[in-house]
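K.L.:
sharing a model prediction with you, sequence too.
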Amino acid sequence: MNLLYFLFKTLKYNRMNPTDPNAIIKNDHENVKIMLDAYLDMEFDQKLDQAEKISETLAVHMGMEEEIFYPEVEKLSAGEELISDAIEEHKEIKDHLLTILKTDDEDELDKHMKMMEKVLLHHIKEEESKMLTLSEEKLKNEHAVLAGRMLAYKASNKGKIFFDKLKDKIGI
(Lines give C-alpha, C1' and ligand atoms only; values in the text may rest on other atoms or scores of the structure.)
Protein backbone atom coordinates (compact mmCIF):
# COMPACT_ATOMS: atom_id res chain seq x y z
CA MET A 1 0.00 0.00 0.00
CA ASN A 2 1.54 3.31 -0.92
CA LEU A 3 2.02 6.01 1.67
CA LEU A 4 -0.37 8.54 0.12
CA TYR A 5 -3.22 6.02 0.05
CA PHE A 6 -2.47 5.07 3.67
CA LEU A 7 -2.56 8.72 4.77
CA PHE A 8 -5.75 9.40 2.82
CA LYS A 9 -7.52 6.40 4.37
CA THR A 10 -6.33 7.31 7.86
CA LEU A 11 -7.43 10.93 7.52
CA LYS A 12 -10.76 9.87 6.03
CA TYR A 13 -11.57 7.73 9.04
CA ASN A 14 -10.33 10.24 11.58
CA ARG A 15 -13.22 12.53 10.70
CA MET A 16 -15.86 11.26 13.10
CA ASN A 17 -18.58 12.59 15.33
CA PRO A 18 -16.90 13.05 18.73
CA THR A 19 -20.25 12.83 20.53
CA ASP A 20 -21.08 9.36 19.19
CA PRO A 21 -19.44 6.40 20.95
CA ASN A 22 -20.36 4.14 18.03
CA ALA A 23 -18.46 6.44 15.66
CA ILE A 24 -15.44 6.39 17.98
CA ILE A 25 -15.43 2.59 18.00
CA LYS A 26 -15.95 2.32 14.24
CA ASN A 27 -13.19 4.87 13.66
CA ASP A 28 -10.77 2.77 15.70
CA HIS A 29 -11.84 -0.35 13.80
CA GLU A 30 -11.19 1.30 10.44
CA ASN A 31 -7.82 2.67 11.53
CA VAL A 32 -6.69 -0.79 12.68
CA LYS A 33 -7.84 -2.32 9.38
CA ILE A 34 -5.79 0.29 7.53
CA MET A 35 -2.76 -0.50 9.71
CA LEU A 36 -3.21 -4.22 9.03
CA ASP A 37 -3.39 -3.59 5.27
CA ALA A 38 -0.19 -1.56 5.42
CA TYR A 39 1.54 -4.35 7.39
CA LEU A 40 1.26 -6.74 4.44
CA ASP A 41 3.57 -4.68 2.20
CA MET A 42 6.32 -4.05 4.75
CA GLU A 43 9.80 -5.41 5.25
CA PHE A 44 10.40 -7.43 8.42
CA ASP A 45 11.83 -4.60 10.56
CA GLN A 46 8.89 -2.39 9.54
CA LYS A 47 6.48 -5.24 10.30
CA LEU A 48 7.86 -5.46 13.83
CA ASP A 49 7.27 -1.72 14.36
CA GLN A 50 3.82 -1.88 12.76
CA ALA A 51 2.87 -4.93 14.85
CA GLU A 52 3.76 -2.99 17.99
CA LYS A 53 1.72 0.04 16.83
CA ILE A 54 -1.24 -2.22 16.04
CA SER A 55 -0.87 -3.93 19.41
CA GLU A 56 -0.82 -0.62 21.28
CA THR A 57 -3.78 0.73 19.30
CA LEU A 58 -5.78 -2.42 20.02
CA ALA A 59 -4.81 -2.45 23.69
CA VAL A 60 -5.99 1.14 24.13
CA HIS A 61 -9.18 0.40 22.19
CA MET A 62 -9.97 -2.77 24.14
CA GLY A 63 -9.25 -1.04 27.44
CA MET A 64 -11.61 1.79 26.50
CA GLU A 65 -14.34 -0.66 25.56
CA GLU A 66 -13.90 -2.88 28.62
CA GLU A 67 -13.73 -0.04 31.14
CA ILE A 68 -16.28 2.38 29.69
CA PHE A 69 -18.44 1.14 26.82
CA TYR A 70 -19.09 -2.51 27.72
CA PRO A 71 -20.33 -1.85 31.27
CA GLU A 72 -23.03 0.44 29.84
CA VAL A 73 -24.09 -2.08 27.18
CA GLU A 74 -24.02 -4.90 29.73
CA LYS A 75 -26.77 -3.16 31.72
CA LEU A 76 -29.16 -3.62 28.79
CA SER A 77 -31.36 -6.71 28.56
CA ALA A 78 -29.60 -8.22 25.52
CA GLY A 79 -26.22 -6.77 26.43
CA GLU A 80 -24.91 -9.36 28.87
CA GLU A 81 -24.39 -12.14 26.32
CA LEU A 82 -22.94 -9.73 23.75
CA ILE A 83 -20.43 -8.47 26.30
CA SER A 84 -19.50 -11.99 27.38
CA ASP A 85 -18.73 -12.93 23.77
CA ALA A 86 -16.82 -9.68 23.16
CA ILE A 87 -14.68 -10.14 26.29
CA GLU A 88 -13.83 -13.68 25.18
CA GLU A 89 -12.79 -12.38 21.75
CA HIS A 90 -10.70 -9.65 23.41
CA LYS A 91 -8.95 -12.33 25.45
CA GLU A 92 -8.15 -14.29 22.30
CA ILE A 93 -6.84 -11.14 20.58
CA LYS A 94 -4.68 -10.29 23.62
CA ASP A 95 -3.23 -13.81 23.62
CA HIS A 96 -2.18 -13.31 19.99
CA LEU A 97 -0.79 -9.86 20.79
CA LEU A 98 1.38 -11.35 23.54
CA THR A 99 2.88 -13.78 21.04
CA ILE A 100 3.22 -11.08 18.38
CA LEU A 101 5.06 -8.74 20.74
CA LYS A 102 7.64 -11.31 21.79
CA THR A 103 8.40 -12.94 18.44
CA ASP A 104 11.49 -12.18 16.40
CA ASP A 105 10.73 -14.60 13.57
CA GLU A 106 8.99 -13.22 10.47
CA ASP A 107 7.04 -16.39 9.67
CA GLU A 108 5.83 -16.65 13.27
CA LEU A 109 4.93 -12.96 13.29
CA ASP A 110 2.99 -13.23 10.03
CA LYS A 111 1.19 -16.36 11.24
CA HIS A 112 0.03 -14.76 14.49
CA MET A 113 -0.85 -11.47 12.81
CA LYS A 114 -3.07 -13.40 10.39
CA MET A 115 -4.66 -15.42 13.21
CA MET A 116 -5.22 -12.27 15.28
CA GLU A 117 -6.66 -10.46 12.26
CA LYS A 118 -9.16 -13.28 11.67
CA VAL A 119 -10.44 -13.09 15.25
CA LEU A 120 -10.40 -9.29 15.13
CA LEU A 121 -12.40 -9.04 11.91
CA HIS A 122 -15.01 -11.45 13.28
CA HIS A 123 -15.14 -9.40 16.49
CA ILE A 124 -15.57 -6.15 14.55
CA LYS A 125 -18.36 -7.62 12.43
CA GLU A 126 -20.24 -8.90 15.49
CA GLU A 127 -19.68 -5.75 17.51
CA GLU A 128 -20.76 -3.37 14.76
CA SER A 129 -23.79 -5.39 13.66
CA LYS A 130 -25.14 -6.27 17.11
CA MET A 131 -23.64 -4.28 19.97
CA LEU A 132 -23.47 -0.91 18.26
CA THR A 133 -27.01 -1.38 16.96
CA LEU A 134 -28.16 -2.08 20.52
CA SER A 135 -26.25 0.97 21.74
CA GLU A 136 -27.88 3.13 19.07
CA GLU A 137 -31.34 1.93 20.08
CA LYS A 138 -31.03 1.87 23.87
CA LEU A 139 -28.22 4.24 24.87
CA LYS A 140 -28.88 7.15 22.51
CA ASN A 141 -29.61 9.57 25.37
CA GLU A 142 -26.27 8.77 27.02
CA HIS A 143 -24.18 8.89 23.84
CA ALA A 144 -22.61 12.33 24.36
CA VAL A 145 -21.52 11.59 27.94
CA LEU A 146 -20.32 8.11 27.02
CA ALA A 147 -18.36 9.46 24.05
CA GLY A 148 -16.75 12.10 26.27
CA ARG A 149 -15.63 9.45 28.75
CA MET A 150 -14.27 7.29 25.93
CA LEU A 151 -12.29 10.15 24.40
CA ALA A 152 -10.95 11.12 27.82
CA TYR A 153 -9.80 7.52 28.33
CA LYS A 154 -8.01 7.53 24.98
CA ALA A 155 -6.34 10.87 25.78
CA SER A 156 -5.26 9.74 29.24
CA ASN A 157 -2.48 7.40 30.23
CA LYS A 158 -4.96 4.63 31.06
CA GLY A 159 -4.77 3.15 27.57
CA LYS A 160 -0.97 3.17 27.68
CA ILE A 161 -1.06 1.49 31.10
CA PHE A 162 -3.33 -1.20 29.65
CA PHE A 163 -0.76 -1.81 26.88
CA ASP A 164 2.14 -1.79 29.34
CA LYS A 165 0.38 -4.49 31.38
CA LEU A 166 0.25 -6.66 28.27
CA LYS A 167 3.97 -6.14 27.70
CA ASP A 168 4.77 -6.83 31.36
CA LYS A 169 3.15 -10.26 31.02
CA ILE A 170 5.88 -11.27 28.59
CA GLY A 171 8.70 -9.27 30.11
CA ILE A 172 9.28 -6.68 27.37
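P.N.:
It's in.
K.L.:
and the one helix or strand L121 maps to, what does it pack against?
P.N.:
For L121, the element it lies in under DSSP states H and E is helix 106-126. The contact analysis (3 or more CB pairs under 8 Å, 6 or more residues apart in numbering; DSSP states H and E) places helix 106-126 against helix 21-40, helix 44-64, helix 79-102. From N, CA and C alone the C-beta is placed, and that goes for glycine too.
K.L.:
touching it from outside, list them.
P.N.:
Counting contacts by CB atoms under 8 Å, 6 or more residues apart in numbering, the residues outside helix 106-126 that touch it are 29, 32-33, 36, 39, 44, 47-48, 51, 54, 58, 82, 85-86, 89-90, 92-93, 96-97, 99-100, 103.
K.L.:
switch the cut-off to 6 Å
P.N.:
29, 36, 44, 89, 92-93, 96, 99-100, 103 (CB atoms under 6 Å, 6 or more residues apart in numbering).
K.L.:
tell me the centre residue of this structure?
P.N.:
Most central in the chain under CA atoms, centre = their mean is L58, positioned 3.6 Å from the mean C-alpha point.
K.L.:
so how far is H90 from that residue?
P.N.:
9 Å (CB to CB, to the nearest Å).
K.L.:
next: A23.
P.N.:
For A23 relative to H90 (CB to CB), the value is 20 Å.
K.L.:
picking that back up, which among the contacts of helix 106-126 count as buried?
P.N.:
Those of these that meet the buried threshold are 29, 36, 89, 92-93, 96, 99-100, 103, by 16 or more other CB atoms under 10 Å.
K.L.:
which of those lies closest to G63?
P.N.:
I93 (12.1 Å; CB to CB).
K.L.:
contacting residues for the closest one?
P.N.:
I93 sits next to 116, 119-120 when contact means CB under 6 Å, 6+ apart.
K.L.:
could you flag which of those are buried?
P.N.:
The neighbour-count criterion (16+ other CB under 10 Å) marks 116, 119-120 among these as buried.
K.L.:
and which of those residues is nearest G63?
P.N.:
Of all the buried ones among the contacts of I93, G63 sits closest to L120, with 15.3 Å by CB to CB.
K.L.:
picking up where we left off before, the more surrounded of A23 and H90?
P.N.:
H90 (21 against 17; other CB atoms under 10 Å).
K.L.:
which residue packs closest to the more buried one, ignoring adjacent ones?
P.N.:
Leaving aside its sequence neighbours, H90 sits nearest to M62 (CB to CB, 6 or more residues apart in numbering; 5.0 Å).
K.L.:
look up how far E137 lies from that neighbour.
P.N.:
Look at M62 and E137: by CB to CB, they are 24 Å apart.
K.L.:
who has more neighbours, these two?
P.N.:
Using other CB under 10 Å, the more surrounded residue of M62 and E137 is M62, with 25 against 10.
K.L.:
if anything else comes up later, I'll come back, but that's it for now.
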